[in-house]
Each structure stands twice: as C-alpha cells, then as structure tokens.
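J.: just need the structure, nothing else, for what follows:
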Amino acid sequence: MPLNRRKFLGKSAATGAAVALTGAVSAPAAQAHGGRPKGHKRYSFTVMGTTDLHGHVFNWDYFKDAEYTDSAGNAQGLSRISTLVKQVREEKGRGNTLLIDAGDTIQGTPLTYYYARVEPITAADGPVHPMAQAMNAIGYDAAALGNHEFNYGIDTLRKFESQLKFPLLGANAVDAKTEKPAFRPYVIKKLRTPHGKDVKVAILGLTNPGIAIWDKAYVQGVLKFPGIEEQAALWVPKLRSMGADVVIVSAHTGASGTSSWGDQLPYVENAAANVARTVPGIDAILVGHAHVEIEQQLVTNEKTGKSVVLSEPLCYAERLALFDFELEWERGCWTVSSVSSKLLNSNAVADDPKITKLLEDEHALVVKYVNQVVGQATTTLTTVDARYKDAPIIDLINTVQADVVKKALASTEYASLPVLSQASPFSRTSSIPAGEVTIRDLSGLYVYDNTLVAKLMTGAQVRAYLEFSAEYFVQTAAGAVVDVDKLTNANGRPDYNYDYVSGLSYDIDVAQAAGSRIKNLTYQGAALDDAQKFVFAVNNYRANGGGAFPHVASAQELWSESTEIRTRIAEWVTAKGTLDPAEFASVDWRLTRDGTPLF
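T.: Next up, the predicted model:
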C-alpha cells in the first residue's frame, strides 16, 4: 500500500487506564482487595509493539539528505525505538517483556530499495538486510507480514525471513494449491514467573488480504490470502486449546472497518476492530497498516462481553506501543485480570549507539548512492500545488511512462494505438531544484516502488476513470470562497488516489456533483469517441485495483515490467542530461466552476 496516509486520532477517554475484563478483577481492585488468600499469585508483563517501520532505521530523510523533522516534532527510526525498548526492559525486567511488530518492514526508503535492487540480499554472498540486522540486534520476538513485504517478490521476502532470528508470522498467507499456511501462523512464548508457573503467551500473525490485488504479479497462483476475521476465528480457538494463557494478535490491518478495493475482494481491509468484536479469546491486538495513531481503543467482544485492547503506534518507528498485562493464578491456570495500552514517543530519546554503529556503513553507502548526479534541471519543479493544478513535475512522470510503453509495444499489434498515462501527486513537498539533479531528487518525486503496466482501455472506460478520479475534489458552489486546503481529499480520499491522465484534454467542474464533473473531454482537439481504443500506462498498484478505480483492474493487460517507475525516471533524465519542462510539460486538465476556470 502507499505510505503517506498519516492521520492523528484523538486519545481515548480511557487512555492509559487499566481495562477490566468481565468476570475478572481490575488492576485497582486487585491492588485493593484484602480477601485473597495469603500468597495469592499475581504476575505482570509488558508486550511492546511497532508497525509500518518501512525501512526507517535512523532519523534521516534520504530524500532531503538531512535529519528528519516535521511540524509535530516527531523523530523516526529503529535506533530510537531500540533506546525505548532498553528502557522498558530495564524497568520491567527483560524476562517480563516481549517485542513484536505488525508488518511493512522491507519497503519504503532508499535504504530498503538499495538492498532489494542495487545490492540485493538475494545475490550470491549478498548482504544481510539492514532491517534484519537492526531487528535482530534489538531482540524482536515475532513480526507479522505486511503487504509491502511482497513488493520485491517472494524470493526477496524469503531471503529476508531466513535472515531473521525471530519468526515472520502470517496465518492467512496460504499456499495457493494446498491452502496450508505458507508462513508460520503463530508463536507461543513462555514467560517464567516467580511462582514457578510459566505464562504461555500466544502471538498470532495476520496480514492483509489486499496483497492478492496489490502484488498480484508475484503472488497469483502461488499464495492466497483469506480474510482476517475468518482466519482469526480459525486460529484463536486452536491457540487456546494449546494452553495459551494470553492471546495477542499482531495484525497488518487497520481498525476502521473500511476497504479501498470496492468489491474486488470479499474481505475487509481494515478489520482489527471487527476481529476484536467477533472472535472470542483475544486479549489484545497490535494494529498496523493504516498509519494512524491509536493509543488505546476498547472493543467489546459480542460473545464474551470482555473488552479487547487495540493499539496502533505511529508508523516509521515514531512510536512504541506498550500493552501492560496483569494476571492472576486461579483454579490452576493464569487468568488475565486487566490490560492497558499506551504509546511512547521516540522523539523523547536519543539513538541507540549500538544500532548506529551496527549500520553506519550501510547508511553511508545509501547516502552516497542517492546523491549521485544524473542531470541538470533548467528550472525548479515542485509538487506544492500539484493536487489542484496541472503541474509540470507530474507531467514528467507521465511523459516517462508513455515513452517506456510506446517503446515496449513498438513491434506489437498495439503500436498504432494512442498511449495515455496516469500519475498521482504523491507528495506535497517534493522538489527538483534548478541545477544538479540527483537520484534522491527523483526518488522524492516518486516515493513508491511501483512498476509500469500497459492496459487496453476504451474511451468510455477512460471517461469513467476520470469521473471517479474527480471525486477527490470537494463540491464547491460557484461564487463560494475557494480554500485550496479544503478543496481536495473529499470523503477522506488520499492524494495518491487522485490521478492525472495525460494525452487528453479535459475540465473538472467542481461545482457539479460527483459523477458528472468531467467536461470538454477531447482527444487531439475532437470530442472523445467512447469506442476508441487506447493503451493506458498505469502503475501496478492502480492496475491491480488499488484505489478501486473502475475498469482498469479488469482491462486486458498488454505488457508489464519489474523495473520501478522511479528507475525509469532516473534513466530518462540521465539519457537527456537536461531536465527542461519544454520537453514534457503540457496543460491537460484544469479545475472549473460552471465552466469558469478556478485558477
């Protein structure tokens, strides 16, 4: 899934408070009660959690070649998390803690790209992945698979898995033929207590069914991804029957109950709260995938009446989640009496020198790589207003994609068809400065590891595609004051799910209702013929159904490749030597209100 979906949620009113489970004694009550027999056994332990690390080892922005900063004062990186983990272990006792992750680890920064493509871990005598080195050194106990684990193919994923000193879990990643688990579904960790009675903590890993869409090229016919709720219902009773005293789910799924794929899959994308509500026997869920911050969310299970605690630490190692458990020994077994969760902010600590020293060479190598000069820009190009104006910097992406597809189809029966291309304004802060252009400049423009696909589309399908894309804008009446900060992202749609389409000319009338906004749609000066056929250059995320745009996922595929689009952009700029908007910029679309241009 794309990465820049950052949203801060308000803290729960119950944040930081112990959650009393039905039929058990709450933490305050347990502390206050005096009726227990002398020597009554109690035990406390803590589970720490991260998610959506996306290759962030250090507090470093490879695209800006500088320390990472943001307006909220956040810090990033596993090196900071390592310091927090050490502090918690010192406070609680190393044997009374566990550390888990909820997925999306090996994609997201130039660091991870470098060790997947430039100096791949899959090569003979290849390096150990920096994320494996860091997580091993910190001492993780388990991690769930994320959907972005599959972005570089199964071979890279399996090599990464082999380099880990802890299990990579995915109960709902199954073999396509046998439907048996293709990855380890769970792990049971034993915690020794002062009472001589071990606590068995089961960690169930679940990943996102959307992998079947987003990385279809790698997994189709090889792996299947059943629904998260269904698989949790299958595995949790098994874990309880194995004697698990505590069941924690590490799930690469959000908590909102929503999905981005329309009717392409019969499963829910963000299913964590659904799992908590419908599957009995779960004590806590480490939530991932959505890139939101949830300190503590309580969900009542419909069958047991007990509260399940959900927590999602902010992505990129900006937060560490803590689940604090209180147990009591009752009737010959451990019973969870209370659970609470909270988040620790990595900006409150310094880097762990152990991690800094461990990966300083890898970091330096990637910094050198991204600062390679590949061309010269005649003027500064930015994405500052690209979401509401046709910006030359996005035209660059479309020009490169169209050129690559035209060359690929030059000797085929489709060579005579016109080529259209789509691209999204992924970032609001990308900039290619006038003068020297580096790999990091171009990587900052295209932050995802998407690859290119060519699809066969009709004029009518393209028209529907554009109407769907135009739903990104908030309906704005003629004469109303226009605030560009409130003009976009209607119904919460992220920037990466708004597409430019080059090769056509059209207006988007934001005064009109969604579904009837595309006006004056022409091809080469004439009204678009709904029956005309086009080759559509599209990234693999969109081609496989990401964003639920109409027609494109089911359209005939004419060609695809495994080279990243950002690499194609770097090759294009390198070959040209000069980045001049005169060679690629065009005004293909504009925003209007009742026919009057907005800008």
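J.: specify the beta-bridge partners of Val538.
T.: With DSSP bridges as the criterion, Val538 is bridged to Val453.
J.: pretty sure Gly375 belongs to a strand, no?
T.: Yes - under DSSP: H, G, I helix; E, B strand; the rest coil, Gly375 sits within a strand.
J.: that one contacts Leu579, correct?
T.: Yes - the pair Gly375 / Leu579 is scored as a contact, 5.4 Å apart, by Cβ atoms under 8 Å. C-beta: built from backbone N, CA, C; applies to glycine.
J.: between those two, who's got more neighbours?
T.: Remark: of Gly375 and Leu579, Leu579 carries more neighbours, 25 against 20, as counted by other Cβ atoms under 10 Å.
J.: chain neighbours aside, what residue packs nearest to the more buried one?
T.: Ranked by Cβ to Cβ, 6 or more residues apart in numbering and with sequence neighbours excluded, the top spatial neighbour of Leu579 is Ala377, at 4.2 Å.
J.: nearest residue to Lys165 in space, please, no chain neighbours.
T.: Counting by Cβ to Cβ, 6+ apart, the residue nearest Lys165 is Asn136, at 4.6 Å.
J.: mind checking the longest helix of the protein?
T.: helix 392-408 (DSSP state H).
J.: now the helix or strand just after it: how far from the chain's centre is it?
T.: The helix or strand immediately downstream of helix 392-408 is strand 419-423, counting by DSSP states H and E. Going by Cα atoms, centre = their mean, to the nearest Å, the spacing between the C-alpha centre of strand 419-423 and its chain's C-alpha centre is 24 Å.
J.: same question, stretch 189-204
T.: For stretch 189-204, the distance to the chain centre is 32 Å (Cα atoms, centre = their mean).
J.: what about dumping the CA coordinates of it to CSV?
T.: What follows is stretch 189-204, C-alpha atoms only, in CSV (Å, rounded to 0.1, in the frame of the first residue of the first chain):
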residue,chain,number,x,y,z
LYS,A,189,6.4,-17.7,24.1
LYS,A,190,6.8,-18.8,27.7
LEU,A,191,7.4,-16.2,30.4
ARG,A,192,8.9,-17.5,33.7
THR,A,193,7.2,-16.2,36.8
PRO,A,194,8.5,-16.0,40.4
HIS,A,195,5.8,-18.6,41.3
GLY,A,196,7.2,-21.4,39.1
LYS,A,197,4.2,-21.3,36.8
ASP,A,198,5.1,-20.2,33.3
VAL,A,199,2.8,-17.9,31.4
LYS,A,200,2.1,-19.0,27.8
VAL,A,201,1.7,-16.0,25.5
ALA,A,202,0.4,-16.8,22.0
ILE,A,203,1.2,-14.3,19.2
LEU,A,204,-1.0,-14.8,16.1
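J.: so what sits opposite Arg533 in the bridge?
T.: For the record, residue 533 is Lys, not Arg. Beta-bridge partners of Lys533, counted by DSSP bridges, are Thr458.
J.: my guess is it contacts Leu456, does it?
T.: Yes - the criterion here is Cβ under 8 Å, and Lys533 meets it with Leu456 at 6.3 Å.
J.: shared neighbours of those two, which are they?
T.: Leu417 (Cβ atoms under 8 Å, 6 or more residues apart in numbering).
J.: quickly note the distance from the nearest residue to Tyr186 once chain neighbours are set aside to Asn172.
T.: Using Cβ to Cβ, 6+ apart and skipping the chain neighbours, the partner closest in space to Tyr186 is Leu204 (4.7 Å). Distance from Leu204 to Asn172, counting by Cβ to Cβ, to the nearest Å: 10 Å.
J.: one more: Leu359?
T.: The value you get for Leu359 to Asn172, if Cβ to Cβ is used, is 32 Å.
J.: over to His40?
T.: Look at His40 and Asn172: by Cβ to Cβ, they are 40 Å apart.
J.: for this structure, which spans come out with low pLDDT?
T.: 1-39 (pLDDT under 70).
J.: how is it divided into domains?
T.: Following automatic domain parsing, one finds the domains of the chain at 12-167+252-278+287-308+324-366, 372-597.
J.: end to end, how far does the shortest one reach?
T.: Start to finish, the residues bounding domain 372-597 are 41 Å apart (Cα to Cα, to the nearest Å).
J.: buried residues, stretch 524-531. List them.
T.: Residues of stretch 524-531 classed as buried: Leu528 (neighbour count, 16 or more other Cβ atoms under 10 Å).
J.: so how far is stretch 376-387 from its chain's centroid?
T.: 26 Å.
J.: list the buried ones in it?
T.: In stretch 376-387, counting by 16+ other Cβ under 10 Å, buried: 377, 381-383, 386-387.
J.: list of residues touching it?
T.: Outside stretch 376-387, the residues touching it (Cβ under 8 Å, 6+ apart) are 391-394, 396, 425-437, 445, 472, 484, 488, 495, 498, 577-581.
J.: same thing but at 6 Å, please
T.: Stretch 376-387 is contacted from outside by 392-394, 425, 427-428, 430-434, 437, 488, 495, 578-580, using Cβ atoms under 6 Å, 6 or more residues apart in numbering.
J.: mind listing what's buried in stretch 334-350?
T.: 334-346, 349.
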